[in-house]
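> A structural model of the following input is requested.
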Amino acid sequence: MTVLWIILAAIVAALVALFQYGYIFSTKSNNKKKPWFTLLRFLTVFTILILLLDLKFDKTTYQTIKPLLLLELDNSSN
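All right, here's what the predicted structure looks like:
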């Protein structure tokens, strides 16, 4: 379910960025910096949406911890 929210956030961010920089419903104007600004807007909106979703990833790991074996030797003779 979490992956679905991330994909939906990416689609919304892409649509917002493309709409705001005139790739959707606009007249044709060429600007060399326009794709970079669109990419930055996409990353900004996507990051904000991910932070607003407050996703939690649960991962359970099991680890076997072996006990410390203490060995005592006595080298004395009686």
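
> tell me which element the closest residue to L39 other than its chain neighbours falls in.
Spatial nearest neighbour of L39, excluding adjacent residues (C-beta to C-beta, 6 or more residues apart in numbering): A17 at 7.6 Å. For every residue, glycine as well, the C-beta is placed using N, CA and C. If you go by DSSP states H and E, A17 is part of helix 2-20.

> For that helix, enumerate the helices and strands it packs against.
The helices and strands touching helix 2-20, judged by 3 or more C-beta pairs under 8 Å, 6 or more residues apart in numbering; DSSP states H and E, are helix 34-53.

> ok, how many other residues are close to V45?
For V45, the count of nearby residues is 19 (other C-beta atoms under 10 Å).

> what sits against it?
By C-beta atoms under 8 Å, 6 or more residues apart in numbering, V45 lies in contact with V12, A13, V16, A17.

> For the third one, which non-adjacent residue is closest in space?
By that I understand V16. V45 (5.1 Å).

> Quick one, grab the pLDDT at the one you found.
We have a pLDDT of 94 for V45.

> What separation is there between it and S76?
Using C-beta to C-beta, to the nearest Å, V45 is found at 76 Å from S76.

> Also Q63?
Counting by C-beta to C-beta, the gap from Q63 to S76 is 40 Å.

> T44 too?
Taking C-beta to C-beta, one finds T44 at 74 Å from S76.

> who's more crowded, the two?
More neighbours surround T44 than the other of T44 and S76, with 13 against 4 (other C-beta under 10 Å).
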